[in-house]
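Novice: Build me a structure from this.
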Amino acid sequence: MMNCLRNWPEPVIRVQHLSDSGIRVIPDRYVKKPSDRPTPTTVLESPATEVSIPVIDMRDLYSGDDALRKKTAALIDGACRDWGFFQVVNHGVSHDLMRRTREVWREFFQLPLEEKQKYANSPSTYEGYGSRLGVEKGISLDWSDYFFLHYLPMRARDCNKWPTLPNTCRELVGEYISDVVKLGGKLMKIFSTNLGLTEDYLQEAFGEEMGACMRVNYYPKCPQPDLTLGLSPHSDPGGMTLLFPDEDVSGLQVRRGDNWVTVKPIPNAIIINLADQLQVLSNSNYKSVEHRVIVNSVKERVSLALFYNPRSDIIIKPAEQLVTAEQPALYPPMTFDQYRLYIRTRGPCGKSQVESLESP
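Specialist: The predicted structure follows:
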């Protein structure tokens with residue numbers, strides 16, 4: 001990474017500390033410009049603003065009925081082309097493991113600040129306890145803290161950087177990520193087949209040493225939720241995100257045309273979010289979707305995002321089978337490291353990165 005990513009440009013303030021201090025007015029750095037602020041109805045989480053993104057039961061994918069398998073695969077294909085987001089149930093990840101992993105992270109964020117500070121991160125890898133994305137000085141900040149850790153490739157994994165408290169954290173995290181990565185691999189095969197590619201095409205395009213990392217998002221209560229966001233609008237730069245949201249309170253919003261819709265989580269479901277590298281590989285047959293997170297004044301939120309990514313130094317480009325005279329290659333070849341440097345420098349910026357690469 002570039003030298004500019006070695007240190008944060010300003011002192012890091014923990015958003016949880018601001019929330020717990022009892023302030024009634026949020027600092028100016030967290031106030032979004034009027035056009036970017038959530039509307040009062042979304043902040044209040046009116047049921048009218050919530051919508052269920054496609055919900056897909058994966059059980060039939062493993063049945064002996066070929067028609068049911070094809071029907072489920074077709075539902076996934078439709079969700080990828082129409083939404084770029086969907087929820088899966090009967091996905092094979094233990095509900096108990098999901099719940100315990102989320103709760104252990106909730107406990108971590110309630111530890112004394114000095115304990116969490118042992119894991120304070122830097123922008124060189126983002127690994128550890130953090131409170132900002134992007135290193136440009138003076139950028140608008142989001143109302144959230146997080147913990148970021150690497151899992152794959154093995155050479156990038158350093159379990160010593162994972163929290164030792166609570167005592168079960170490291171064990172649960174390893175087990176949870178392993179199972180969610182397996183789910184990601186199953187979905188990659190389905191995506192490949194649905195696109196008309198060989199079953200293993202997308203996985204092979206990601207490289208033998210693909211990347212997997214997790215960001216645990218902590219959104220503290222906010223005294224002025226109508227002025228800020230927990231996470232600014234963006235599309236994820238990697239391949240796919242598998243999100244286990246907080247089921248007690250909604251927060252994720254997906255752009256649908258000119259509107260933002262609040263996703264209502266389904267108990268024990270995992271939200272699948274297509275990211276920029278799948279948009280590139282599919283030559284825009286599948287698209288990543290802009291999304292953001294709202295906060296509220298009543299409840300904190302904890303969510304677990306698993307990023308399923310290409311190997312950092314592998315070249316990603318549109319699949320040759322999806323390039324035709326009618327639909328030429330829309331994106332130039334680029335490594336994932338080159339691509340994600342943009343968001344690591346500037347922070348979340350809508351879909352400006354992937355759109356800037358599209359051929360006219």
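
Novice: Point out where the stretch 151-300 of the chain drops to low pLDDT.
Specialist: Within the stretch 151-300 of the chain, no stretch falls below the threshold (pLDDT under 70).

Novice: show me where it has strands.
Specialist: Here the stretch 151-300 of the chain has its strands, by DSSP state E, counting those that start in this stretch, at 211-219, 231-234, 240-244, 252-256, 259-263, 270-274, 291-293.

Novice: neighbouring strands for the fifth one, and are they parallel or not?
Specialist: In the sheet containing strand 259-263, its partner strands are strand 50-51 (parallel), strand 252-256 (antiparallel), by DSSP bridges.

Novice: for that strand, which positions count as buried?
Specialist: 260-263 (16 or more other C-beta atoms under 10 Å). Where C-beta positions appear, they are placed from N, C-alpha and C, glycine not excepted.

Novice: Tabulate those in CSV, adding columns for distance to Lys287.
Specialist: Output for the buried residues of strand 259-263, formatted as CSV (distance: C-beta to C-beta, whole Å):
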residue, distance to Lys287
Trp260, 17
Val261, 16
Thr262, 20
Val263, 17
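
Novice: out of the strands of the stretch 151-300 of the chain, nearest to Lys71?
Specialist: strand 270-274 (17.8 Å; C-beta to C-beta).

Novice: quick revisit: quick one: closest of the strands paired with strand 259-263 to Ala120.
Specialist: With C-beta to C-beta as the measure, strand 252-256 is the member of the strands paired with strand 259-263 nearest Ala120 (26.7 Å).

Novice: Work out the gap between the closest one and the centre of the chain.
Specialist: Distance of strand 252-256 from the chain centroid (C-alpha atoms, centre = their mean, to the nearest Å) equals 13 Å.

Novice: before we move on, the earlier item: now the strands of the stretch 151-300 of the chain in CSV, please, with extra columns for distance to Gln203.
Specialist: What follows is the strands of the stretch 151-300 of the chain, written out as CSV (distance: least, C-beta to C-beta, whole Å):
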stretch, distance to Gln203
strand 211-219, 12
strand 231-234, 25
strand 240-244, 11
strand 252-256, 26
strand 259-263, 27
strand 270-274, 15
strand 291-293, 25
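
Novice: So which of the ones you listed is nearest Ile315?
Specialist: Ile315 lies closest to strand 211-219 among these, at 14.6 Å (C-beta to C-beta).

Novice: quick one: strands adjacent to the closest one?
Specialist: Partners of strand 211-219, by DSSP bridges, with direction: strand 145-152 (antiparallel), strand 301-309 (antiparallel).

Novice: What lies in contact with that strand?
Specialist: For strand 211-219, the external contacting residues (C-beta atoms under 8 Å, 6 or more residues apart in numbering) are 16, 105, 108-109, 143-153, 156, 173, 177, 181, 184, 230-231, 238, 251, 293, 295, 300-312, 336.

Novice: likewise stretch 167-177?
Specialist: Residues outside stretch 167-177 that contact it (C-beta under 8 Å, 6+ apart): 93, 97-98, 100-101, 104-105, 108, 149, 151, 159, 162-164, 212, 214, 304, 306.

Novice: Separate out the buried members of those.
Specialist: Buried residues within these, defined by neighbour count using 16+ other C-beta under 10 Å: 93, 98, 100-101, 104-105, 108, 149, 151, 162-163, 212, 214, 304, 306.

Novice: Looking at these, which is nearest Pro332?
Specialist: Set against Pro332, the nearest of the buried ones among the contacts of stretch 167-177 by C-beta to C-beta is Ala212 (25.6 Å).

Novice: looking at the sheet around that closest one, what are its partners?
Specialist: Note on Ala212: beta-bridge partners by DSSP bridges are Leu152, Tyr308.

Novice: Okay, angle between the longest helix along the chain and strand 145-152 too, please.
Specialist: The longest helix of the chain (DSSP state H) is helix 169-194. Angle of helix 169-194 versus strand 145-152, following axes from the mean of the first three to the mean of the last three C-alpha atoms, to 10 degrees, is 70 degrees.

Novice: Name the residues of helix 169-194 that are buried.
Specialist: Using 16+ other C-beta under 10 Å as the test for burial, helix 169-194 gives 169-170, 172-173, 176-177, 179-181, 183-184, 187-194.

Novice: One more: stretch 148-160?
Specialist: 148-152, 156-157.
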